[in-house]
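Trainee: turn this into a model:
(2 chains)
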Amino acid sequence: MDVEKIFDYTLWNPLNPIEYSQRIPMKIWTDLSVHEGNKKQTMLELSVNPQSVAFKQVKRITSDIVRKGRVYYFWSSAPGERNLDILALTIGGVSGSILNRVANTQYQQTLSEQKISNPPEGAINIKHQKWMKLYSMTREAAYPPELNGEFNYAYIEYVSPIFPTGKTITFKGHFSNPLDFEENADRPFLINYTFEFIVHQTDPSLDTILEEASNFLLTR
Amino acid sequence: MDQFFPEGGCVRTGEPSYRVFLFTKEVTEDVKSVNITWSTIDSTCSIELTNPREKWIITEDNLNGIWREDEKIKKEIYKRKKTFIVSEKSESTISDKDENPKASSSHSEAGTCVYDLYEGDSVISCGDPVRIYLKDPFSDYWYRGFTGYASPVTDSYDASSDYFTLTVHCEDTKRWIRATRLGWGVWGSNSSVSYATKEEAGKASIYSIWQHVAPGMSLEELVVWLITGKVPDTSIVGNMKETNTDQAIKELELRCGNFTLGKRWVIKNKKDIEDAQLFLFNECLRVQGKGSDAEDLITEEGKFVTRAGSGEYANKVDDGNLYNVDGQIHVMIPEFLTYTGKDKEGIDLKPHTMTEGIGYRDEYSSRLGIIQDWAETVEFKFYALPNGDVLLEFPQYDFRPEDYGKANDSIIKDGEVFKITNKEITGWDITEDDGGIDTLFVVGGSLEQYFKRIGDMAQLSGRIGLAAKESLTKRFGWRCRNLDAPLITSKEGCELLAEALLNRSFAEAKTMNVNCTARYEVWPGRPYLMEGRKVLGYCTSVEHTIIWGSQLKTKINLGYLRGWNKEKKAWTTIGGKLISEERRYLDYSKLYAS
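Mentor: Numbers count the residues shown, from 1 in each chain, chains lettered A, B, ... in the order given. The predicted structure follows:
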């Protein structure tokens, strides 16, 4: 199933992170990963992972205790505007199996037992590779020389039945940390990982998405 | 918006904001914090700018004409600064007038840029004009927070956080007066010895500012002259012009910035002080209009080097006249000091006479220092206003909020201006320190003038005034202080001054610092009533601290605290008797009448 179909499928079905085919579909890339000079141009299609996306956005509010009560200050970017702070996404999931078996062999052989420099044809380590690329992306420089001093934005293309607009949402921002991950003996060939993504810009804007989604729901 | 609860509590909500202009460019988005201190002496502020990727620092790329997208404002400031070139015209003007070859520059600077900006330098330099505007969180009004000039500028780096910061400290518009010095010493009739030693000067006809210019000037005239270079017609300068003293005249008529005469209030009654305060509040502190109207005005005003009053903007930076100050000098004095003529009551404050014997003989002094020395002698206040104007005013230690009439109760909606209420106070400290209290004050009047008038040394004691309080000596012991007051020629005047100073030393023992929510209309040199403690204090300074998204507070420093008596009236301190209902500010007419 290609990514677009998964997107469509997910769009019209309830969110069910347990079901393999209904996990949250995403595409992730960075300016550097798709840069023309980059021989390993990468746009990750995390069609089955991650398992959770948490939205967190606080309001800029401070308070003082005065003798007669309380004072709350709402720090707007300009008078009359909203006092929303930056939107942060916390994304977590489990990698696909890294028990990278070679296809069409009569005996099991893990990748670690193979010669790395000469992997056999038909290796099915694509899930492991994707995880590695994601890890690599989160470690990229903010201002890599390949981009001539421009900021290396990261992008997450996302679709969810939460916002039934029929469109994908693209978050533009940066990773606030490299992947946090854990290897657990209970699940030796799966990697639990999380990362936080700071959103600089949303396309279309969340206001537009909310308006379109509301209109859509009204017509159903 | 205030929300009161039946239990008596109150929840207020507010929306703070500020706008900051450096070198006429708005840099608000990069401002992390602003701290402004406004006092009746000097006003300062500091602005902390985030400096990611050293966006305010000149880089090699910048020098090669390469600018990042986030360096737009830096580029504009840099390019504007590079257009400030020393012209041949200004070079020749200096040469033509300078008759002293020793003072001439050995090489021409014509064609060179006024600014030295190299790789690693901050694009914000000392002397760059600064304007700050503050929005009242609880209304749609905007206030002028500060107008002045950057100095010094600190470029910081912290390795532990890998964080770059540019901190711009600022001076108020008195900077020009502070930096410009004046030679009190001698001049010769030949200008070539204008800056010479006494010996050299002795070869020529001698004039000095002390002997030939300052006498005859009132305090007001002196302040105007030291700032604008405008010497009163009564001065000897007219006669000096007939001699060949060009250099001396040039020094006398030197302007500091581009100040012009503003409002002059002669205070006769409460109505006058109300009018004066309303003007100062509406023209110098609060921006006209509300909300977006006020913001539009700020957008325009911020483009100029300093304030321009009444909508007539001058000295636009594009005119190339970057350093001119378009401020005004306002003066507020009591009527009885405006004199003069023998047929009227009242006196002139003539600083030269009052400070005779103190100094200013053969030295160079800061013009601001001279003004402040002399203003201090008669307790006058000389300070900069948030719009860049300067104000010379008489002390209002003993005033009460109600003395200001409408200026106290109608210019803001939610309460009295000169009152800090419990819904604003976040904390206070009241300190009583008897270290500076005197219990015996001895004032010596003018010996010289006494001899002229009396001519009898035997009656010398007639010039001594003495004040002591038994109640104070019983508590604090004998603490004697002497003061020479050369102008005062009567025993009565000396006694009055001694008593006033004694009262003041006692009044200064108690101070109060009040922390409260944002109060941008608090004015130093005015009385403030503290609801929480039933005291009235004189605001010596006010400090606003804003750390964006994190902290907002106003700190009001009060002196001369007065508690309530049983009639709920504050005691008087400076002018009247220590324990008295009678209110009056320092009465110069009695003090200096001779």
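
Trainee: and residue A:84, how many neighbours?
Mentor: Neighbour count of residue A:84, defined by other C-beta atoms under 10 Å in any protein chain shown: 13. To be clear about C-beta, it is placed using only N, CA and C from the backbone, and glycine gets the same treatment.

Trainee: bridged to it, which residues?
Mentor: According to DSSP bridges, residue A:59 are recorded as the beta-bridge partners of residue A:84.

Trainee: ok, it - contacts?
Mentor: Residue A:84 sits next to A:57, A:59, A:60 when contact means C-beta atoms under 8 Å, 6 or more residues apart in numbering or on different chains.

Trainee: next one: residue B:133
Mentor: Residue B:133 makes contact with B:18, B:19, B:20, B:142, B:143, B:144, B:145, B:287, B:298, B:302, according to C-beta under 8 Å, 6+ apart.

Trainee: I figured the last one hits residue B:26, correct?
Mentor: Yes: with contact defined as C-beta atoms under 8 Å, residue B:302 and residue B:26 form a contacting pair (6.1 Å).

Trainee: residues shared between the contacts of these two?
Mentor: Contacts common to residue B:302 and residue B:26, judged by C-beta under 8 Å, 6+ apart, are residue B:19.

Trainee: which strand or helix spans the spatially most central residue of chain A?
Mentor: The centroid of chain A falls nearest to residue A:156 when counting by C-alpha atoms, centre = their mean (5.3 Å). Using DSSP states H and E, residue A:156 sits within strand A:154-158.

Trainee: now whichever helix or strand comes after that strand: buried residues?
Mentor: Heading C-terminal from strand A:154-158, the first helix or strand you meet, by DSSP H and E, is strand A:169-175. Neighbour counts using 16 or more other C-beta atoms under 10 Å in any protein chain shown place A:169, A:171, A:173, A:174, A:175 of strand A:169-175 among the buried residues.

Trainee: try stretch A:75-93
Mentor: Buried-residue list, stretch A:75-93, by 16+ other C-beta under 10 Å: A:75, A:76, A:79, A:87, A:88, A:89, A:91, A:92, A:93.

Trainee: show me which of those neighbour chain B.
Mentor: Checking the buried residues of stretch A:75-93 against chain B by C-beta under 8 Å from any C-beta of the partner chain, the ones in range are A:75, A:76, A:79.

Trainee: for the stretch 301-450 of chain B, what spans make up the helices?
Mentor: Listed in chain order, the helices of the stretch 301-450 of chain B (DSSP state H, counting those that start in this stretch) span B:351-354, B:367-377, B:406-409, B:447-453.

Trainee: re the thing from before, from the ones next to chain B among the buried residues of stretch A:75-93, which shows the smallest pLDDT?
Mentor: Across these, no position has a lower pLDDT than residue A:79, which has 83.

Trainee: so how far is residue B:140 from that one?
Mentor: Applying C-beta to C-beta, to the nearest Å, the value for residue A:79 to residue B:140 is 8 Å.

Trainee: next up, the contacts around the residue nearest to residue B:260 when sequence neighbours are not counted.
Mentor: Of all residues not flanking residue B:260 in the chain, residue B:328 sits nearest, at 5.6 Å (C-beta to C-beta, 6 or more residues apart in numbering or on different chains). Counting by C-beta under 8 Å, 6+ apart, residue B:328 touches B:259, B:260, B:261, B:262, B:263, B:309, B:389, B:390.

Trainee: if we use 6 Å, what do you get?
Mentor: Counting by C-beta atoms under 6 Å, 6 or more residues apart in numbering or on different chains, residue B:328 touches B:260, B:262, B:389.
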